[in-house]
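Participant: can you look at this prediction? I've put the sequence above it.
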Amino acid sequence: MTGQDHVTETLRKEVATGVLGHAFLFSGPRGVGKTTTARIFAKALNCEKPEEGEPCNVCSSCVRANEGRAMDLIELDAATHTQVDKIREGIVEHARFAPVDGKRKIYVIDEAHMLSSSSWNALLKTLEEPPNYAFFIFATTEWHKVPTTIVSRCQRFDFIRIDDADLETRINYIAEKEGWKLDVEVVKLITSRADGCVRDAETLLGQLGALGENHITKDIAELVIPRSHIPDAAALVALWANRDYPASYAKVHELFDAGFSMESYVDDLLYIFRMLLAASASVEIKEKWEKGSEEERCLVSLIGRFEPPEIHDIALMLFDRRKDMKAGVGPLFAMELATTLVSHGLLKHSTKEALSKKDSGRHDDTKPPPPPGPPEIKPAPPAKDPPAAQETPIDPITKSNDDSSLKKQNDSVKTPPVIDLLEIQKHWRRIVDRVSEKNPSLRFILQITKPESIQGDMLLLCFQYPFHCDKIMKSSEIKMMIEHIIEDLVGTKILIDGMVKAKSEEKPVIKRDMVDNILEAFGGSVVESKEL
């Protein structure tokens, strides 16, 4: 076992002293050795000559366990044995019989949190009064889903993620046994990808060994382990920290043109800010990163560039942008918005020091203007007789400005449309279908909504009810989604606006009786029948 000394030492001493419980709960993250520890512990419980609590691996019981022939070691996967009948047959009834080969019977139940309530109730009586030879080990990643009545009857051991140093030692140990020579960069690459999970590290190492190379370099490793995009994301974060909007905007487009997935790029950015938040709370992390992998070394220069409150704001903003991408907003546009917010310091807790440095850099050659003095007091002009009552004179300058603004307004109204309204109406059914695929609740609203007119690149939609108009027009996410779908179908970028149909536009309908209503709704005419 690697990196779980607090667990292995306790179990070893229990075996050595013979003071044993009958139920054990192993909980912790995936791939850190819960099931492996359970198997080694089961082997030690039946070992004929244990050495200070460790199995000897020589006796017949240990040999059978190593070869997978131990009849008294019963493993069950709770994910496929959730039914109460299988638990009764596989454990409760089976536990009544004495061991076949060894002196103890050990039941290892993996993914124990998947058992149903009825299954736990069936096990409860056996756990309360177990036979002397029966031992139960429950392994789970979610111990809080195990009933408290079960937890209280178990010895609980919490497994932790493996430290990087212990994980590197494990990787080098396996590589030496297999006859592989690994470069230091390869070991650090595997460790960073494993994220404290021994199973993931061993899987990656096995994939590298399958290449058939005795000396595995970083270039060879990148054939199996995809290259990290963290350095590229860190370069963008550095531009954000400098409040360099033009360079940040260009960097986003450069990555997009190179084929980067903006969704996964947001995940890389979130990872960076998560690490920077950890670095803001620990001084030792900087020294660790300076000696760490390439991903960690590229983050060293970013430490301290953002205060924790701003990191909080940026992370929440990136969460929102990722939701926007999944809702149908263009990934590039979402990243452009994120870049604009951070590089312009528009978030609530933006670092003021960085902003002041940027501003001072722009005005290095100019001195700040002197502070304004007291306002100059001018003598009042001599009083004149009040003029006779007359119409207010029109200032010719104001009049000319009003005329020009009115002319511009008229010109904007007469702006020719970028596409014919008939083209929009022809595609409207398809537009409604595409929008409904992303948001089914909008189908009814758009089916009774009509494209009214186009002025320039603005499409005016006529809604039947005000709350329909508010639902779409007041949600920037819904508006942008509809605009992108229209652009995809008609090939022209269109913006949308809305209006509600006026009551005066509705034609009054006079209903005489129920027959008239039915005829208008379904069509037809009244036919008089003649009696024969």
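Facilitator: All right, it came through fine.

Participant: go through the helix or strand hosting Arg443 and flag the buried ones.
Facilitator: Using DSSP states H and E, Arg443 sits within helix 443-447. Residues Ile445, Leu446 are the ones in helix 443-447 that count as buried (16 or more other CB atoms under 10 Å). In short, each C-beta sits where N, CA and C put it, glycine included.

Participant: what of stretch 27-39?
Facilitator: Ser27, Gly28, Gly31, Val32, Gly33, Lys34, Thr35, Thr36, Thr37, Ala38, Arg39.

Participant: name the next helix or strand downstream of the helix or strand harbouring Glu9, please.
Facilitator: Here Glu9, judged by DSSP H and E, is contained in helix 5-17. Sequence-wise, the next helix or strand downstream of helix 5-17 (DSSP H and E) is strand 23-27.

Participant: what is the neighbour count of Val184?
Facilitator: With neighbours defined by other CB atoms under 10 Å, the count for Val184 comes to 11.

Participant: also the one 5 residues further on?
Facilitator: Number of residues near Leu189 (other CB under 10 Å) recorded here: 23.

Participant: on contacts alone, who are the packing partners of the helix holding Arg443?
Facilitator: If contacts are counted by 3 or more CB pairs under 8 Å, 6 or more residues apart in numbering; DSSP states H and E, helix 443-447 sits against helix 421-438, helix 466-473.

Participant: give me the domain ranges for this structure.
Facilitator: Split into domains by automatic domain parsing, the chain comes to 5-158, 164-221, 230-356, 421-505.

Participant: starting at the chain centroid, how far to the longest one?
Facilitator: Centre-to-centre, domain 5-158 and its host chain are 36 Å apart (CA atoms, centre = their mean, to the nearest Å).

Participant: which ones are touching the nearest residue to Tyr245 once chain neighbours are set aside?
Facilitator: Using CB to CB, 6 or more residues apart in numbering and skipping the chain neighbours, the partner closest in space to Tyr245 is Ser343 (4.2 Å). Taking CB atoms under 8 Å, 6 or more residues apart in numbering as the criterion, Ser343 is in contact with Leu239, Trp240, Arg243, Asp244, Tyr245, Ser248, Tyr249.

Participant: now with 6 Å, please.
Facilitator: Trp240, Arg243, Tyr245, Ser248 (CB atoms under 6 Å, 6 or more residues apart in numbering).

Participant: next: Arg104.
Facilitator: Leu45, Asn46, Tyr133, Phe135.

Participant: state the distance from the third one to His22.
Facilitator: So that's Tyr133. Per CB to CB, to the nearest Å, Tyr133 is found 10 Å from His22.

Participant: same question for the second one.
Facilitator: Taking CB to CB as the measure, Asn46 and His22 are separated by 15 Å.

Participant: could you do Leu489 as well?
Facilitator: Distance from Leu489 to His22, by CB to CB: 67 Å.

Participant: rewinding a little: so which of the contacts of Ser343 sit within strands?
Facilitator: With strands defined by DSSP state E, no entry of the contacts of Ser343 lies inside them.

Participant: of the buried residues of stretch 27-39, which is the nearest to Ala279?
Facilitator: Val32 (24.4 Å; CB to CB).

Participant: tell me the SS of that closest one?
Facilitator: At Val32, secondary structure determined by DSSP: H, G, I helix; E, B strand; the rest coil is coil.

Participant: so what's it closest to, chain neighbours aside?
Facilitator: For Val32, the closest residue by CB to CB, 6+ apart turns out to be Phe159, at 4.8 Å.

Participant: counting neighbours, what do you get for the one you found?
Facilitator: By other CB under 10 Å, 22 other residues sit near Phe159.

Participant: now, the contacts of Ser343 that are in helices?
Facilitator: Members of these lying in helices (criterion: DSSP state H): Trp240, Tyr245, Ser248.

Participant: so after the helix or strand where Glu202 lies, what's the next helix or strand?
Facilitator: Counting by DSSP H and E, the element that carries Glu202 is helix 198-209. Per DSSP H and E, helix 198-209 leads on to strand 215-216 as the next helix or strand towards the C-terminus.

Participant: ok so, going back, quick one: which of the helices and strands packed on helix 443-447 is nearest Arg305?
Facilitator: Closest approach to Arg305 among these (CB to CB): helix 421-438, 37.3 Å.

Participant: buried residues in that closest one?
Facilitator: Burial within helix 421-438, assessed by neighbour count using 16+ other CB under 10 Å, is assigned to Glu423, Ile424, His427, Trp428, Ile431, Val432, Arg434, Val435.

Participant: tell me the confidence at the third one?
Facilitator: To tie it back to what came earlier, the one meant is His427. We note a pLDDT of 86 for His427 in this prediction.

Participant: compute the number of surrounding residues for Leu299.
Facilitator: Leu299: 22 neighbours (other CB under 10 Å).

Participant: for it, give me phi and psi.
Facilitator: phi -90, psi -10 (degrees, to the nearest 10).

Participant: just to revisit the earlier point, which helices and strands sit right next to the helix holding Glu9?
Facilitator: Helices and strands touching helix 5-17, by 3 or more CB pairs under 6 Å, 6 or more residues apart in numbering; DSSP states H and E: there are none.

Participant: by how many degrees do it and strand 23-27 diverge?
Facilitator: Angle, helix 5-17 to strand 23-27, by axes from the mean of the first three to the mean of the last three CA atoms, to 10 degrees: 160 degrees.

Participant: go through helix 5-17 and flag the buried ones.
Facilitator: Within helix 5-17, the residues scored as buried using 16+ other CB under 10 Å are Val7, Thr8, Leu11, Arg12, Glu14, Val15.

Participant: and for stretch 67-83?
Facilitator: Buried residues in stretch 67-83 (16+ other CB under 10 Å): Ala70, Asp72, Leu73, Ile74, Glu75, Leu76, Ala78, His81.

Participant: likewise for stretch 254-274?
Facilitator: Residues of stretch 254-274 classed as buried: Leu255, Phe256, Phe260, Met262, Tyr265, Val266, Asp268, Leu269, Leu270, Tyr271, Ile272, Phe273 (neighbour count, 16+ other CB under 10 Å).

Participant: check those and tell me the two furthest apart.
Facilitator: Using CB to CB, the pair of those lying farthest apart is Phe256 and Phe273, separated by 20.4 Å.

Participant: and Ser301, how many neighbours?
Facilitator: For Ser301, which is what you asked about, the neighbour count (other CB under 10 Å) is 12.

Participant: and it, what's its pLDDT?
Facilitator: Looking at Ser301, its pLDDT reads 88.

Participant: do the same with His113
Facilitator: 88.

Participant: low pLDDT regions in the stretch 401-532 of the chain?
Facilitator: By pLDDT under 70, the low-scoring segments of the stretch 401-532 of the chain are 401-414, 502-532.

Participant: would you map the strands across it?
Facilitator: Here the stretch 401-532 of the chain has its strands, by DSSP state E, counting those that start in this stretch, at 450-455, 458-463, 495-500.

Participant: let's have those strands in a markdown table, adding mean neighbour count.
Facilitator: What follows is those, written out as a markdown table (neighbours: other CB atoms under 10 Å):
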| stretch | mean neighbour count |
| --- | --- |
| strand 450-455 | 16 |
| strand 458-463 | 19 |
| strand 495-500 | 15 |
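
Participant: of all the ones you listed, which lies closest to Leu347?
Facilitator: Closest among the strands of the stretch 401-532 of the chain, using CB to CB: strand 495-500, at 26.6 Å.

Participant: contact partners of that closest one?
Facilitator: By CB under 6 Å, 6+ apart, the list of residues contacting strand 495-500 reads Asp457, Met458, Leu459, Leu460, Leu461, Cys462, Phe463, Pro466, Cys469, Met473, Ile482, Glu483.
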